[in-house]
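J.: After the sequence you'll find the predicted model.
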Amino acid sequence: MPVLLELSGVSKRFGGLEANHDVSFTVEEGQIVGLIGPNGAGKTTLFNCISGFFPPSSGTIRFAGQDIGGWPAERVLRAGVARTFQVVRTFAEMTVLDNVMIGAFARTNRTAEARERALELLAFTGLVAKSHAFGSDLTIADKKRLELTRALATGPRLLMLDEVMAGLNPVERTQAVELIRAIGERGVTVLLVEHVMEVVMPISDHIVVLDSGQKIAEGLPTDVVRNPDVIAAYLGDKYRPAEETA
Amino acid sequence: MSTAPGQSPRRWQWLLLGALGLVALVFPLLFERGSWLNIAILVLLYAALAQAWNILGGFAGQISLGNAAFFGVGAYTSTVMLDRWNVSPWLGMPVGALVAAIFAVAVFFPFFRLGGHYFAIATIALGEILLVLFSNWGYVRGARGITIPFVRGPDRRPTDSWAYLQFNDSRVPYYYVVLGLAVLAFTVAIAVNRSKLGYYFRAIKNDQQAARSLGVPVLRYKLIAVAISAALTAVLGTFYAQYLLFIDPETTMRLELSVLIALVAILGGVGTIIGPLLGAVVLIPAAEISRGQFGGSGNTLDLVLYGGLIILISVFQPNGLVALSSRFRRRREAGPPAGTRHEPGEAPLVGAPGGNH
């Protein structure tokens, strides 16, 4: 599989605080990759660097052969990288359909075409019945689903989801996992940020683990959960001997 | 406002609009002389100015208290061209719109870096700075202002001239000119509202970070919004200069004018198409009539009444006068919530978007 996204030596400093230090990994086209780590590991910061919300302090980010490090968000999006937010950012005073149309307008200037594309994706994500509800009236699960639909409407090659599972109940989580699988089957590469390991493990082809801003492990889900550094990062140093797997 | 069963609310909105249009067309025939025609002209002028403001402040959510600057630029551009080179205001009008749009983009480029309230404060400063500059600028005759010379007929008496947009016999032609300009402003607003521009403006108003994440070039679209707003405002500035046949910095650029433009749109209903018209229809006659009835002898009772009206609207109709219509509608049919009924994607013709549901 060709490499779609390649980070090498990416660091991000805020004054004296280094949120990301020398992070390198690659995402192959068609994969679902989980980016995990405890709270404060620097996952969201890394997301913001890739999606153009912050410029990285050093290192390079290559996407589909282009160096996108430091590009503004809208340009990164047009290159084919879409993202959602950890804290949902639904357009509250707009309908569900209008929310998704904003995404669709990234690929067309025509209102009718944007509407058609939005309805098609709402049908795919199962929100079409709520097309005319306002963003502010949705449950948290539906808001997350809407953000995902909206991001998908921009026609990305890489979809980056920032903690889509957080705040969902077990049933909603199962639905979300199914949806992410279905997105993967449409040929979209997915980079998934989560701090809850058990939701990422079953759907990820590859896992990258961050702790304190650095990559501490990478590999197949089954290998990563046995990695002593990963267990220590999640459970504390006294569990380092790795007597049990998570 | 009752409708036959089965008729969509959209249909009676259009009927209402048609009736309004008819009234607007025959109005001058009924009130050819006197202050009513003057009030009608001012209503249309402010409805159009408020709609121009609405594109920037209502759709895109960028509250400007400096739109009088664009009004002044429009008035001065056409008037200086007329005064110095005898160029018809019909040519000065688009030139003024272009100058205002370029000026707006240049000035608002840094303004848009300011967050929240500081943006609004900067727009106030813009208007005030321009006022002081023009008051001291000899080329445009400073604070003394510019008097537009009469167009005279063969008998040396002031006469009407469509070519020079000046009417001395009757004000009726002014009425039809400003009616045309108001239709222009509303047509532009409707077109913007339905297009990608309108969607992107609303996304920017709702959440700029989310808009960026979906590929909206936020700064560029804000600049487009201010350019459209400025150009339309400037066109009306030219009209106003020709209507008064005299301009000075005070009449065309004062802060009160900027505030009134915003106020008409806000009290009418921000971000809706019909709001600016409603606001103008209520506020402008209220201001003019109370000034006529109570404003003499400097007792400012008119301002007390006018201020009282503004307070009443903001207390009882915080979403603007358009929200009254959804109140009626809800009472008439206890059907689905008012907010879900308008066509997706467009700000409703009547009724606040997203409010009252």
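T.: Received the coordinates, thanks. Numbers count the residues shown, from 1 in each chain, chains lettered A, B, ... in the order given.

J.: what packs against the lowest-mean-pLDDT helix or strand in chain A?
T.: Least confident helix or strand of chain A, by mean pLDDT, DSSP states H and E, is helix A:197-200 with a mean of 79. Here helix A:197-200 touches strand A:32-36, going by 3 or more C-beta pairs under 8 Å, 6 or more residues apart in numbering or on different chains; DSSP states H and E. Any C-beta I mention is one placed from the backbone N, CA and C, and that applies to glycine too.

J.: Residue B:236 and residue B:71: what is the separation?
T.: 7 Å (C-beta to C-beta, to the nearest Å).

J.: could you point out which element follows the least confident helix or strand of chain A?
T.: Note on helix A:197-200: by DSSP states H and E, the next helix or strand toward the C-terminus is strand A:206-211.

J.: Tell me the strands beside that next one, with direction?
T.: strand A:32-36 (parallel), strand A:214-219 (antiparallel) (DSSP bridges).

J.: what comes up buried for stretch A:110-128?
T.: By 16 or more other C-beta atoms under 10 Å in any protein chain shown, the buried positions in stretch A:110-128 come out as A:111, A:114, A:115, A:117, A:118, A:119, A:121, A:122, A:125, A:127, A:128.

J.: re earlier: shared neighbours, residue B:236 and residue B:71?
T.: Here residue B:236 and residue B:71 share the contacting residues residue B:49, scored by C-beta atoms under 8 Å, 6 or more residues apart in numbering or on different chains.

J.: Which pLDDT value does the model give the residue lying closest to residue A:91 once chain neighbours are set aside?
T.: Leaving aside its chain neighbours, residue A:91 sits nearest to residue B:206 (3.9 Å; criterion: C-beta to C-beta, 6 or more residues apart in numbering or on different chains). Residue B:206 carries a pLDDT value of 94.

J.: before we move on, what about residue B:282?
T.: For residue B:282, the model assigns a pLDDT of 89.

J.: Could you do residue B:9 as well?
T.: At residue B:9, pLDDT is 55.

J.: Same check on the one 5 residues further on?
T.: Looking at residue B:14, its pLDDT stands at 81.

J.: Quick check: the gap between it and chain A.
T.: Between residue B:14 and chain A the computed distance is 20 Å (C-beta to the nearest C-beta, to the nearest Å).

J.: Single out the most deeply packed of the strands paired with strand A:206-211.
T.: Most buried of the strands paired with strand A:206-211, by mean neighbour count (mean count of other C-beta atoms under 10 Å in any protein chain shown): strand A:32-36, with a mean of 25.

J.: Any chance you could list what contacts it?
T.: A:27, A:43, A:46-47, A:180-181, A:184, A:189-195, A:197, A:200-201, A:203-210, A:221.

J.: related to what we said a few turns ago, so which of the buried residues of stretch A:110-128 also contact chain B?
T.: Checking the buried residues of stretch A:110-128 against chain B by C-beta under 8 Å from any C-beta of the partner chain, the ones in range are A:111, A:114, A:115.

J.: any chance of those in a markdown table, plus pLDDT and distance to residue A:77?
T.: As requested, those are exported to a markdown table (pLDDT from 0 to 100; distance: C-beta to C-beta, whole Å):
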| residue | pLDDT | distance to residue A:77 |
| --- | --- | --- |
| A:111 | 95 | 20 |
| A:114 | 97 | 15 |
| A:115 | 96 | 20 |
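
J.: Show me those residues that map onto helices.
T.: A:111, A:114, A:115 (DSSP state H).

J.: follow-up on the earlier one: which pair in the buried residues of stretch A:110-128 spans the largest distance?
T.: The most widely separated members of the buried residues of stretch A:110-128 are A:111 and A:125, with 21.1 Å between them, by C-beta to C-beta.

J.: Identify the residues contacting the least confident helix or strand of chain A?
T.: Defining contact as C-beta under 8 Å, 6+ apart, one finds that helix A:197-200 is touched by A:34, A:36, A:165, A:173, A:177, A:192, A:194, A:207, A:221, A:225, A:234, A:246.

J.: for the nearest residue to residue A:216 once chain neighbours are set aside, what are its contacts?
T.: Leaving aside its sequence neighbours, residue A:216 sits nearest to residue A:229 (C-beta to C-beta, 6+ apart; 4.7 Å). For residue A:229, the contacting residues are A:209, A:211, A:216, A:217, by C-beta under 8 Å, 6+ apart.

J.: Show me the two of the residues you listed that sit farthest apart.
T.: By the measure C-beta to C-beta, A:211 and A:217 form the most distant pair in the contacts of residue A:229, at 8.7 Å.

J.: where does residue B:264 land on pLDDT?
T.: Here the pLDDT value assigned to residue B:264 is 92.

J.: that older thread, can you flag the buried ones in the contacts of strand A:32-36?
T.: Judged by 16+ other C-beta under 10 Å, buried ones among the contacts of strand A:32-36: A:27, A:43, A:46-47, A:180, A:184, A:189-195, A:197, A:200-201, A:203-210, A:221.

J.: Check which helix or strand the closest residue to residue A:19 other than its chain neighbours maps to.
T.: Residue nearest to residue A:19 in three dimensions, not counting chain neighbours: residue A:45, with 4.1 Å by C-beta to C-beta, 6+ apart. Assessed by DSSP H and E, residue A:45 sits inside helix A:43-50.

J.: Would you mark the buried spots in the very next helix or strand once past that helix?
T.: The helix or strand immediately downstream of helix A:43-50 is strand A:58-63, counting by DSSP H and E. For strand A:58-63, the neighbour count (16+ other C-beta under 10 Å) marks A:59, A:61, A:62, A:63 as buried.

J.: Of those residues, which is the nearest to residue B:215?
T.: residue A:63 (14.7 Å).

J.: average pLDDT across the host helix or strand of the residue nearest to residue A:216?
T.: Using DSSP H and E, residue A:229 maps to helix A:228-235. For helix A:228-235, the mean per-residue pLDDT is 82.

J.: where's that helix relative to the chain centroid, distance-wise?
T.: Relative to the centre of its chain, helix A:228-235 is centred 22 Å away, using C-alpha atoms, centre = their mean, to the nearest Å.

J.: mind listing what's buried in it?
T.: Judged by neighbour count using 16+ other C-beta under 10 Å, the buried positions of helix A:228-235 are A:230, A:231, A:232, A:233, A:234.

J.: Next: stretch B:113-130.
T.: Within stretch B:113-130, the residues scored as buried using 16+ other C-beta under 10 Å are B:119, B:120, B:122, B:123, B:124, B:126, B:127, B:128, B:130.

J.: what residues does stretch B:194-211 touch?
T.: With contacts defined as C-beta under 8 Å, 6+ apart, stretch B:194-211 is touched by A:53, A:85, A:89-94, A:98, A:101-102, A:105, A:109-111, A:114, A:135, B:55, B:59-61, B:192, B:214, B:216, B:218, B:221-222, B:224-225, B:271, B:345-347.

J.: those strands in chain A, which residues are they?
T.: Counting by DSSP state E, chain A has strands at residues A:3-14, A:17-28, A:32-36, A:58-63, A:66-67, A:81-83, A:158-162, A:189-194, A:206-211, A:214-219.

J.: Using CSV, please lay out those strands together with mean pLDDT.
T.: Converted to CSV, the strands of chain A look like this (pLDDT from 0 to 100):
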stretch, mean pLDDT
strand A:3-14, 93
strand A:17-28, 93
strand A:32-36, 93
strand A:58-63, 95
strand A:66-67, 94
strand A:81-83, 95
strand A:158-162, 95
strand A:189-194, 93
strand A:206-211, 92
strand A:214-219, 90
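
J.: For residue B:49, find the nearest of those strands.
T.: So among those, strand A:81-83 is nearest, using C-beta to C-beta, at 39.6 Å.

J.: who does that closest one touch, helix- and strand-wise?
T.: Partner elements for strand A:81-83 (3+ C-beta pairs under 8 Å, 6+ apart): helix A:43-50, helix A:140-153, strand A:158-162.
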